[in-house]
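Asks: Predicted model follows, preceded by the sequence.
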Amino acid sequence: MTGVHDAPSGGHDVAIVGAGAVGLLLACLLAQRGMDVVVLERRAEPARTSRAIGIHPPGLAALDAAGVGAAVRAEAIRIRSGVALSGGRLLARLRFDDRPILALPQHRTEALLRARLSTLAPGALREGSEVVAIAQSRDGVALSTRGAGGTTAVRARWAVGADGIRSPVRQLLGIPMEPHRGMGGYAMADAPDATGAAATALLHLEADGIVESFPMPGGLRRWVARLPAPEPGMTTEALQRILDERLVEPPRLPAEAPTSAFVARQRLAARFRLGRIVLVGDAAHEVSPIGGQGMSLGWLDAVALDRALAAAAAGDGDALAGYERARRPAAVRAMRRARWNMAMGAPVSARRLALRLALVRALAVEPGRSAVTAAFTMRGL
């Protein structure tokens with residue numbers, strides 16, 4: 001339920017719903033300002049499932065601002081180049097020497113952010129606290145949480161929904177998600193890296209669909225294959241067959257390699273703000289993970305919202321509206337880039353594949369190379 005009631009007295013400056021990468025980073029930024037922040041997380045313990053790994057230059061700058069950039073660099077792999085191939089033949093190479101993309105499993109990045117928040121604001125993270133109701137007045141927000149100890153009321157001047165694609169906060173507010181173009185099915189698995197290309201992302205452009213791979217810490221590499229159609233499940237054996245069919249030198253996936261299938265789609269919240277409640281990250285925009293920019297995009301939201309909340313606390317009544325005006329267009333731009341990435345990897349006929357490969361070769365020289373490099377490193381978002 002959501003509604004308007006008398007202003008909550010006391011409480012926190014900001015209540016953040018969701019202790020994922022975006023919610024934790026925002027909490028660190030606000031705590032560094034001296035703001036009283038509480039983070040409400042439904043899960044009783046951190047997730048360790050295979051999720052995002054890409055940390056782009058703007059995302060790394062956000063991590064630096066939160067005080068964890070050095071720790072992330074110490075654990076991450078630097079991706080310094082991207083190579084496009086077809087049939088085992090080199091088509092193009094892009095270098096990211098001046099703006100490398102880092103790869104680190106999301107659960108490790110979140111662990112570093114969680115440790116940082118514990119130092120800045122001990123006790124701010126409340127795990128096992130599910131938000132079941134939210135209400136607001138002109139000068140405050142009241143949230144009802146359910147956990148092992150029963151129902152608890154949390155009061156704050158502002159609240160933030162950083163609770164993911166399915167965002168209960170967004171649903172409680174009745175904010176719909178608007179579909180945008182770009183959809184496809186994919187399968188992925190992490191396996192030991194035997195490519196000899198430890199600092200390089202490999203993009204295999206094949207008629208049956210793209211196969212992408214990215215280096216990871218621990219001598220691993222993530223393999224992602226476009227599927228002809230979305231599939232509800234995927235086995236390691238089935239993904240191995242796909243890789244065998246498409247690649248000249250396919251990897252050998254261990255039988256125990258965790259394998260998953262997912263549908264990449266794009267949606268945008270009809271609004272990013274309702275009164276004193278604001279949406280960030282996946283709660284505000286579902287951007288295709290192809291290209292790996294969703295997590296860094298959410299961190300850019302958090303950096304912008306940190307500044308907006310500080311301005312609002314100082315009396316700027318337009319600050320939160322300004323956040324929405326800036327971040328909605330950025331999300332739309334990210335969706336356009338992701339849609340292009342998905343289109344370039346979709347299954348095609350032999351004739352269309354030849355045209356696609358010619359375009360890739362053309363984009364490997366100036367001025368196309370600079371534009372593609374800027375897109376991959378998230379300039380302009």
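Replies: Yep, that arrived. Residues are numbered from 1 along each chain as shown.

Asks: Can you show me the helices along the chain?
Replies: 21-32, 57-65, 69-75, 106-120, 168-173, 236-246, 294-313, 319-344, 350-363, 368-376 (DSSP state H).

Asks: Quickly, which of the ones you listed bottoms out on average pLDDT?
Replies: The stretch with the lowest mean pLDDT among these is helix 368-376, at a mean of 86.

Asks: tell me what that helix is packed against?
Replies: strand 89-95, helix 350-363 (3 or more C-beta pairs under 8 Å, 6 or more residues apart in numbering; DSSP states H and E). Every residue, glycine included, has its C-beta placed from N, CA and C.

Asks: Using JSON lines, lay out the ones you listed together with mean neighbour count and distance to residue 73.
Replies: Output for the helices and strands packed on helix 368-376, formatted as JSON lines (neighbours: other C-beta atoms under 10 Å; distance: least, C-beta to C-beta, whole Å):
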{"stretch": "strand 89-95", "mean neighbour count": "15", "distance to residue 73": "19"}
{"stretch": "helix 350-363", "mean neighbour count": "14", "distance to residue 73": "30"}
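
Asks: want to throw those into JSON lines with distance to residue 255?
Replies: Converted to JSON lines, those look like this (distance: least, C-beta to C-beta, whole Å):
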{"stretch": "strand 89-95", "distance to residue 255": "31"}
{"stretch": "helix 350-363", "distance to residue 255": "32"}
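
Asks: Out of those, which is closest to residue 279?
Replies: The closest of the helices and strands packed on helix 368-376 to residue 279 is strand 89-95. By C-beta to C-beta, the value is 33.1 Å.

Asks: circling back to that earlier point, most tightly surrounded among the helices of the chain?
Replies: Highest mean neighbour count among the helices of the chain (mean count of other C-beta atoms under 10 Å): helix 21-32, with a mean of 28.

Asks: elements contacting it?
Replies: Against helix 21-32 (3+ C-beta pairs under 8 Å, 6+ apart) you get strand 12-17, strand 37-41, helix 57-65, helix 106-120, helix 294-313.

Asks: what's the angle between the shortest one and helix 106-120?
Replies: What that stands for is strand 37-41. Put simply, strand 37-41 runs at 140 degrees to helix 106-120, going by axes from the mean of the first three to the mean of the last three C-alpha atoms, to 10 degrees.

Asks: tell me what strand 37-41 is packed against?
Replies: strand 12-17, helix 21-32, strand 125-127, strand 150-161.

Asks: Please produce a markdown table containing these, extended by distance to residue 187.
Replies: Putting these into a markdown table (distance: least, C-beta to C-beta, whole Å) gives the following:
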| stretch | distance to residue 187 |
| --- | --- |
| strand 12-17 | 31 |
| helix 21-32 | 23 |
| strand 125-127 | 31 |
| strand 150-161 | 30 |
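
Asks: so which of those gets nearest residue 179?
Replies: Per C-beta to C-beta, nearest to residue 179 of those: strand 150-161, 19.5 Å.

Asks: Name every strand pairing with the closest one and say which way it goes.
Replies: strand 12-17 (parallel), strand 140-147 (antiparallel), strand 277-279 (parallel) (DSSP bridges).

Asks: Would you mind splitting this protein into its domains for me?
Replies: Following automatic domain parsing, one finds the domains of the chain at 12-70+104-179+265-339, 80-98+183-264+349-376.

Asks: ok so, going back, so for residue 226, which of the helices and strands packed on helix 21-32 sits nearest?
Replies: That would be helix 294-313 among the helices and strands packed on helix 21-32, by C-beta to C-beta, at 17.4 Å.

Asks: what angle sits between that closest one and strand 150-161?
Replies: If you take the same axes, to 10 degrees, helix 294-313 sits at 90 degrees to strand 150-161.

Asks: what packs against helix 294-313?
Replies: Looks like helix 294-313 contacts strand 12-17, helix 21-32, strand 54-55, helix 57-65, strand 150-161, helix 319-344 (3+ C-beta pairs under 8 Å, 6+ apart).

Asks: Throw these into CSV and include distance to residue 306, thanks.
Replies: What follows is those, written out as CSV (distance: least, C-beta to C-beta, whole Å):
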stretch, distance to residue 306
strand 12-17, 10
helix 21-32, 4
strand 54-55, 18
helix 57-65, 8
strand 150-161, 10
helix 319-344, 10
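
Asks: For residue 41, see how far away residue 164 is.
Replies: 11 Å (C-beta to C-beta, to the nearest Å).

Asks: Looking at those two, which is more packed in?
Replies: Taking other C-beta atoms under 10 Å, residue 164 and residue 41 do not tie; residue 41 has more neighbours (25 against 20).

Asks: Now do the same contact list for that one.
Replies: Contact analysis of residue 41 by C-beta atoms under 8 Å, 6 or more residues apart in numbering lists 18-19, 23, 125-129.

Asks: Check those and tell me the two furthest apart.
Replies: 23 and 128 (15.2 Å).

Asks: quick one: low-confidence ranges for the stretch 101-250 of the chain?
Replies: Scanning the stretch 101-250 of the chain for pLDDT under 70 picks out nothing.
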